[in-house]
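J.: structural data only, the sequence is not supplied:
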């Protein structure tokens, strides 16, 4: 079992930056893909970015390309999401998720087995 905990959320003005972190509890983390999702109030869960277990393969939602960067440090069992040029409409709860073993690329919620509790990101004008 892999437990995930997100941190780094908070409030920021539009155009600002935040870095989210996702720390995993188990060694299995190093052999699974990890993704970030977000859910705004009243909206569906949305895929944001994902990184393979090696860190070599990375996928992004079109809406965040060239602004967000996902990376991982397997030695620290941590995945990061660097978010720049944040927009008001990106206010949401952001979740870290671990993919099913052997599944990659993974862009939908159904391909992810482990989920963190989420961290709130609020972007204001």
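T.: Structure's in. What do you need? Everything quoted here is computed from the prediction, not taken from an experiment. Residues are numbered from 1 along each chain as shown.

J.: quick check: which element contains the residue lying closest to residue 34 once chain neighbours are set aside?
T.: Spatial nearest neighbour of residue 34, chain neighbours left out: residue 79 (4.5 Å); criterion: C-beta to C-beta, 6 or more residues apart in numbering. Any C-beta I mention is one placed from the backbone N, CA and C, and that applies to glycine too. Using DSSP states H and E, residue 79 falls within strand 78-83.

J.: in three-state terms, label the residue most central in space within the chain for me.
T.: Geometric centre of the chain, nearest residue: residue 36, 2.1 Å, by C-alpha atoms, centre = their mean. Secondary structure assignment for residue 36 (DSSP: H, G, I helix; E, B strand; the rest coil): strand.

J.: now do the strands in the chain.
T.: Remark: strands assigned in the chain by DSSP state E are 4-7, 10-13, 18-24, 34-39, 46-51, 58-60, 68-73, 78-83, 92-99, 112-115, 119-124.

J.: about what we covered before: so what's the residue nearest to the centre of the chain bridging to?
T.: Residue 36 has the following beta-bridge partners by DSSP bridges: residue 49, residue 96.

J.: and the gap between it and residue 51?
T.: For residue 36, the distance to residue 51 (C-beta to C-beta, to the nearest Å) stands at 9 Å.

J.: overlap in contacts of the two?
T.: 70, 79 (C-beta atoms under 8 Å, 6 or more residues apart in numbering).

J.: residue 53: neighbour count?
T.: 20 (other C-beta atoms under 10 Å).

J.: try residue 3
T.: 14.

J.: residues contacting the residue lying closest to it once chain neighbours are set aside?
T.: Distances taken as C-beta to C-beta, 6+ apart place residue 25 nearest to residue 3, at 3.9 Å, with adjacent residues excluded. Counting by C-beta under 8 Å, 6+ apart, residue 25 touches 2, 3, 4, 5, 77.
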